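A.B. asks: need a structure here:
(2 chains)
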Amino acid sequence: MSDLSKDANDTAFLERIMRFQDGALNAAEVAVLEQEMKMSPEKRGVFAKVQIQSLSVHEHLRHEAYRVVEPLPGKHWSQSFRWRAVGLAAAAALVLLAGISVWFTARPSGHAVAVEVLGGDAMPQFVVGQRMALRRLVLESGTVQFRLDSGVVVEAAGPAEIELINAMRLRLVAGRVSADVGEHGKGFTIDTVETRVVDLGTKFGVDVSTPGRTDVVVFEGKVEVHEPQEKNRKLMASLTTGEGVSVTALVPKRIAMLNGGARDGDWKAQFKGPPDVIADVHDNVVLPDFHRFYVVTPRGLKEGARAYTDRPNPGWKAQPGEAMPEWLAGADVVRTFHMERHAEDFALTVSLSRPAAVFVFLDLRKPAPPWLANDFKDTGARLRLGPWIPNAVVLESLKTTDGEPGFVTCAVWKREVTAVGDVTLGQRPMSAPGERGQTAMYGIAAKALP
Amino acid sequence: MTAALAGHLAGHGEKRAASRVEKTARRHVQSWPVSRMFFEDMLSAEDIATILLHERRALTAFVATVTRDFHLAEDIFQEVCVKAVGRAGEFESARHVVNWARVAGRNRAVDVLRARNGRYEGLSEELLAALAAEWPDPEQVDAAHAALAYCLEQVTPHNREMLRLRYFERRSGADVAAELGRNLEAVYKALARVHKTLGDCVRARLQTEAST
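C.D. replies: Prediction:
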């Protein structure tokens, strides 16, 4: 393709192309160049090659220029240069969706944004406590956590590329970020090619690792997911705690499951690499604007492991004075959520990647439902679930000290599944009409069989 | 959106989303002329986006033939993408998309230049059409791009600085000459020589890769 030497013996022709690119040919000279090419397919070929090679040079040099974090000692770039801060990867990703237009209207301002590095493992590139002015952050691997002057704390997980617009707004070009917005950061905004995510006071995460797709999840609080364009922007989804959507081609779809760690910032909407024991969790709920997700944490069952995606406090604990049973600790654990409206035909499917013992932690206050009693066996072990906030509905039928957080006791049921495949669970026991209180949603864990 | 995409979504258990896509597609079809009613055979928005992504570098370079400005060419390419994706259901093949994008990009570039400069002084529509018909395939373009990464490392620091000023910072030939303390003619000659050297290097690199 680039055989310029064979075609370009006429050095003068190449020089004319250089002048043409520079806009330095007058009309008569352009006419000469045009005539040369009309007469010669070879020269048309050379012209095409030089044009393409010039673009490639432009892209390579730009890519190199933005490979590293810019500490920005107050350097002023030319206006045209600033406008070019959108990287090659971004340009490629732009193409994938109808929301592309956001990039034309929301380019980097070029002003550096002050950040304070709080932590992460992308060292020594960053030093904890360091204050720096960033316009653009390119993180090839690892994580970095930083605070903006708005108080918003952002954690970026590499590979990631972020453009910082101001203390209340950033653009996620590649990778994943999680944000803890705090008291004063309401309105904090993350732009992606597919969405504009506006925080309403929350902890949330945005992932654009998959080209053409933006995943938005809320760990606590509320966010709004809008279409990306400046004009006629529509609200695509309002998400609250434990809800997530994956947006492709302006269509938001529920994210049913996250692969998560113990921290909110450690999450992924799909598995990377082979799963441990639980490969997938999904349910049969189809309701308008239903966006609840489950979180699977490999080997995550330990004292205090968070139980739900829609309630931040309750966790799984051993009985007072006891340790979590050895045969249970370290299992893959699923954070579930309370599903109030969908009752008897609720089905929750757990897909196993290997033979495993599947555990269900069921509120002891109600008899085991048939789907559990028939296929599982009560191990006799008991876990505590809590603390619940004082006066929680779940605690209404329990004798707790008024105003004090309470715990629910759960039985550990077990089923050994000797083949790879799905295990389907049903609805938890529900309160009868007029009965006080509710039962807690059950928990799920799985551990590989020896 | 197309019924094909709806089927894809349904296949993944996303019945509600699939239903929405299907309804949207049917609503559009009811208002389309008969000639557009065979939407199931047409490319979806995702198909179009994928095709344009694949052709990005080749198409942008073509648009730059009109704009003579790679930054502006990238902007126009992106505009064309938005328009193309908005015309989902109207394209029947990748070739159809690419041909349309070339024409749309060329026309948009001419419009922008006329609005900016009051006139367009560039290559004729006839020559641009001839160039388009012979424009290298994206596979060739991308292979050469990859090889160029190595070849740029072989360029002398002085020539690299000249390339940086000209192609990264968008400096004019006259600016480059002033920056480097050379006359304008020497800069054009030097740029031509560097292009030739890079072209030789890329060709050799591709031949080596093909033979190993």
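A.B. asks: Tell me the residue of chain B that sits nearest chain A?
C.D. replies: Taking CB to the nearest CB, chain A has its nearest neighbour within chain B at residue B:199, 2.9 Å off. For the C-beta atoms, the positions are set from N, CA and C on the backbone; glycine is no exception.
A.B. asks: right, and that residue touches residue A:53 too?
C.D. replies: Yes - Residue B:199 is within contact range of residue A:53, at 6.4 Å (criterion: CB atoms under 8 Å).
A.B. asks: which phi and psi does the closest residue to chain B within the stretch 301-450 of chain A have?
C.D. replies: Nearest residue of the stretch 301-450 of chain A to chain B, counting by CB to the nearest CB: residue A:349, 10.7 Å away. According to degrees, to the nearest 10, the main-chain angles of residue A:349 amount to phi -110, psi 130.
A.B. asks: Wait, it touches residue A:422, no?
C.D. replies: Yes - Residue A:349 lies in contact with residue A:422 (CB under 8 Å); the separation is 5.1 Å.
A.B. asks: which parts of the longest helix along chain B are buried?
C.D. replies: The longest helix of chain B (DSSP state H) is helix B:184-211. Across helix B:184-211, burial judged by 16 or more other CB atoms under 10 Å in any protein chain shown covers B:184, B:187-192, B:194-203, B:205-206.
A.B. asks: and if you look at stretch B:156-172?
C.D. replies: Of the residues in stretch B:156-172, B:159-160, B:162-171 count as buried by neighbour count, 16+ other CB under 10 Å.
A.B. asks: anything in it sitting right up against chain A?
C.D. replies: Yes - residues of stretch B:156-172 contacting chain A under CB under 8 Å from any CB of the partner chain: B:163-164, B:167-170, B:172.
A.B. asks: Give me the subset of the residues you listed lying in strands.
C.D. replies: Applying DSSP state E to the residues of stretch B:156-172 next to chain A, no entry is found in strands.
A.B. asks: Turn those into TSV, columns for pLDDT.
C.D. replies: Shown next, in TSV, are these (pLDDT from 0 to 100):
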residue	pLDDT
B:163	94
B:164	87
B:167	89
B:168	80
B:169	76
B:170	78
B:172	89
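A.B. asks: For residue A:409, state which of those residues is nearest.
C.D. replies: Nearest to residue A:409 out of the residues of stretch B:156-172 next to chain A is residue B:168 (CB to CB; 66.3 Å).
A.B. asks: Just to check, the closest one is in contact with residue A:63?
C.D. replies: No - between residue B:168 and residue A:63 there is no contact under CB under 8 Å: 10.0 Å.
A.B. asks: all helices for chain B, in order.
C.D. replies: Taking DSSP H as the criterion, chain B carries its helices at B:3-11, B:15-30, B:45-54, B:56-67, B:70-86, B:94-117, B:125-134, B:138-153, B:157-163, B:173-180, B:184-211.
A.B. asks: quick one: the fifth one to helix B:45-54, angle?
C.D. replies: Looking back up the chat, that one is helix B:70-86. 160 degrees (axes from the mean of the first three to the mean of the last three CA atoms, to 10 degrees).
A.B. asks: Kindly report the same for the fourth one.
C.D. replies: Orientation of helix B:56-67 against helix B:45-54 (the same axes, to 10 degrees) gives an angle of 70 degrees.
A.B. asks: how far is helix B:56-67 from where the chain is centred?
C.D. replies: 5 Å (CA atoms, centre = their mean, to the nearest Å).
A.B. asks: counting contacts, what elements does that helix pack onto?
C.D. replies: Contact analysis of helix B:56-67 by 3 or more CB pairs under 8 Å, 6 or more residues apart in numbering or on different chains; DSSP states H and E lists helix A:41-65, helix B:70-86, helix B:94-117, helix B:125-134, helix B:138-153 as its packing neighbours.
A.B. asks: Tell me if I'm right that residue B:166 and residue B:174 touch.
C.D. replies: No - assessed by CB under 8 Å, residue B:166 is found out of contact with residue B:174, at 10.9 Å.
A.B. asks: and residue B:127, what does it touch?
C.D. replies: A:34, A:37-38 (CB atoms under 8 Å, 6 or more residues apart in numbering or on different chains).
A.B. asks: my bad, residue A:355
C.D. replies: Shown in contact with residue A:355 (CB under 8 Å, 6+ apart): A:416-420, A:448-449.
A.B. asks: Could you rerun that using 10 Å?
C.D. replies: Applying CB atoms under 10 Å, 6 or more residues apart in numbering or on different chains to residue A:355 gives the contacts A:277, A:416-421, A:448-450.
A.B. asks: Model confidence for it, exactly?
C.D. replies: Looking at residue A:355, its pLDDT reads 94.
A.B. asks: tell me the phi and psi of it?
C.D. replies: phi -60, psi 140.
A.B. asks: any idea how far it lies from residue A:323?
C.D. replies: Residue A:355 is 26 Å from residue A:323, where distance means CB to CB, to the nearest Å.
A.B. asks: For stretch A:352-361, buried residues please.
C.D. replies: Within stretch A:352-361, the residues that count as buried by 16+ other CB under 10 Å are A:352-354, A:356-361.
A.B. asks: Also stretch A:152-162?
C.D. replies: Using 16+ other CB under 10 Å as the burial criterion, the residues of stretch A:152-162 that qualify are A:152-158, A:160-162.
A.B. asks: next one: that stretch to chain centre, how far?
C.D. replies: On CA atoms, centre = their mean, the centre of stretch A:152-162 falls 11 Å from the chain's centre.
A.B. asks: quick one: low-confidence ranges for the stretch 301-450 of chain A?
C.D. replies: Scanning the stretch 301-450 of chain A with the threshold set as pLDDT under 70 gives A:339-343, A:397-405, A:432-437.
A.B. asks: ok so, going back, which of the residues of stretch B:156-172 next to chain A lies closest to residue A:293?
C.D. replies: When the residues of stretch B:156-172 next to chain A are compared for distance to residue A:293 (CB to CB), residue B:168 wins out at 43.1 Å.
A.B. asks: residue ranges of the helices in the stretch 251-400 of chain A, please?
C.D. replies: A:370-375 (DSSP state H, counting those that start in this stretch).
A.B. asks: Now it against chain B: closest residue?
C.D. replies: Closest point on the stretch 251-400 of chain A to chain B, by CB to the nearest CB, is residue A:253, at 5.2 Å.
A.B. asks: Go through the helices and strands packed on helix B:56-67 and name the closest to residue A:127.
C.D. replies: Closest to residue A:127 of the helices and strands packed on helix B:56-67, according to CB to CB: helix A:41-65, at 23.5 Å.
A.B. asks: quick one, the closest one and helix B:184-211 angle?
C.D. replies: Interaxial angle, helix A:41-65 versus helix B:184-211 (the same axes, to 10 degrees): 90 degrees.
A.B. asks: okay, the contacts of residue A:355 in CSV with neighbour count next?
C.D. replies: Formatted as CSV, the contacts of residue A:355 follow (neighbours: other CB atoms under 10 Å in any protein chain shown):
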residue, neighbour count
A:277, 22
A:416, 11
A:417, 18
A:418, 8
A:419, 8
A:420, 12
A:421, 12
A:448, 14
A:449, 12
A:450, 6
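A.B. asks: Show me which pair in those is furthest apart.
C.D. replies: A:421 and A:450 (18.9 Å).
A.B. asks: hang on, the earlier thing: of the helices of chain B, which stretch is the most buried?
C.D. replies: Stretch with highest mean neighbour count among the helices of chain B: helix B:56-67 (a mean of 24; mean count of other CB atoms under 10 Å in any protein chain shown).
A.B. asks: any low-confidence regions in the stretch 101-250 of chain A?
C.D. replies: Along the stretch 101-250 of chain A, segments meeting pLDDT under 70 span A:101-111, A:122-126, A:231.
A.B. asks: Tell me which stretches of it form helices.
C.D. replies: A:102-105.
A.B. asks: thinking again about what came up before, common neighbours of residue A:349 and residue A:422, please.
C.D. replies: A:280, A:282.
A.B. asks: from the buried residues of stretch A:152-162, which single one is nearest chain B?
C.D. replies: residue A:161 (16.9 Å).
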